[in-house]
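J.: Got a sequence here, can you model it:
(chains A and B)
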Amino acid sequence: SQQGEEDPQALSIQEGENATMNCSYKTSINNLQWYRQNSGRGLVHLILIRSNEREKHSGRLRVTLDTSKKSSSLLITASRAADTASYFCAPRGGSNYKLTFGKGTLLTVNP
Amino acid sequence: EPEVTQTPSHQVTQMGQEVILRCVPISNHLYFYWYRQILGQKVEFLVSFYNNEISEKSEIFDDQFSVERPDGSNFTLKIRSTKLEDSAMYFCASSVNLGTGSYEQYFGPGTRLTVT
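T.: Prediction:
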């Protein structure tokens, strides 16, 4: 498994605005997953995008993947205060099962 | 919706004592994991478990740690002789092979371990 690097480290926006977070990784992948962690709580799986997909939607979430640039982005549209959390990407390749997390992006949505 | 549960939510123990952290994974899942998060730091992988054996472990998972699936539902992490630096939030996770190699993992709420 390999670690993704999220950018920016912190993002503060107003409720209703869109939030975009980016992820870069270094080697080839089978899929890339995004997780959310509310302060002090467990991680919640948000969305998975496979290496042969370029874009995927789930509710207010939109994920893109550019394997040529080894990068992914997570867009949260019409953000809400409840979206305040840390967001992590987890690129996965090979046969390892483990997830390796970076420092994440801390998103703060102000009411 | 099925979820991973963990007990206790908070465990306080003295240095040198043994602790057992318990997890009940989602019932049809076949892969089980433990992660830990020291306060203010990244979530770190400890161990993965499949078919009643460890499939992968990290450098953190030394001889002081062990995992077990004692029955068909529980998955436990034992720390034999706790150290101060074992104080952390411990997360259990489980996943199922969807046949697509996806392995989305579902995490429990965590057990906060405090070693004094």
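J.: Below-threshold pLDDT in chain A: ranges please.
T.: In the predicted model of chain A, residues A:1, A:95-96 satisfy pLDDT under 70.
J.: Revised request: answer the last question for chain B.
T.: Counting by pLDDT under 70, chain B has low-confidence residues at B:97-102.
J.: so which residue of it comes closest to chain A?
T.: Each residue of chain B has a distance to chain A, by CB to the nearest CB, and the smallest belongs to residue B:107, at 3.7 Å. Heads up, the C-betas are built off the backbone N, CA and C, glycines and all.
J.: Burial check on the residue lying closest to that residue once chain neighbours are set aside, number of neighbours?
T.: Leaving aside its chain neighbours, residue B:107 sits nearest to residue A:42 (3.7 Å; criterion: CB to CB, 6 or more residues apart in numbering or on different chains). Burial of residue A:42 is recorded as 23 neighbouring residues (other CB atoms under 10 Å in any protein chain shown).
J.: Report the contact partners of residue A:42.
T.: If you count contacts by CB atoms under 8 Å, 6 or more residues apart in numbering or on different chains, residue A:42 has them with B:4, B:91, B:93, B:107, B:108, B:109, B:110.
J.: Please list all residues in contact with the fourth one.
T.: Counting by CB under 8 Å, 6+ apart, residue B:107 touches A:42, A:43, A:44, A:45, B:4, B:35, B:91, B:92, B:93.
J.: thinking residue A:22 is in contact with residue A:69, fair?
T.: No. Residue A:22 lies out of contact with residue A:69 (CB atoms under 8 Å); the separation is 10.4 Å.
J.: who has more neighbours, these two?
T.: Each of residue A:22 and residue A:69 had its neighbours counted (other CB under 10 Å), and the higher figure belongs to residue A:22 (16 against 8).
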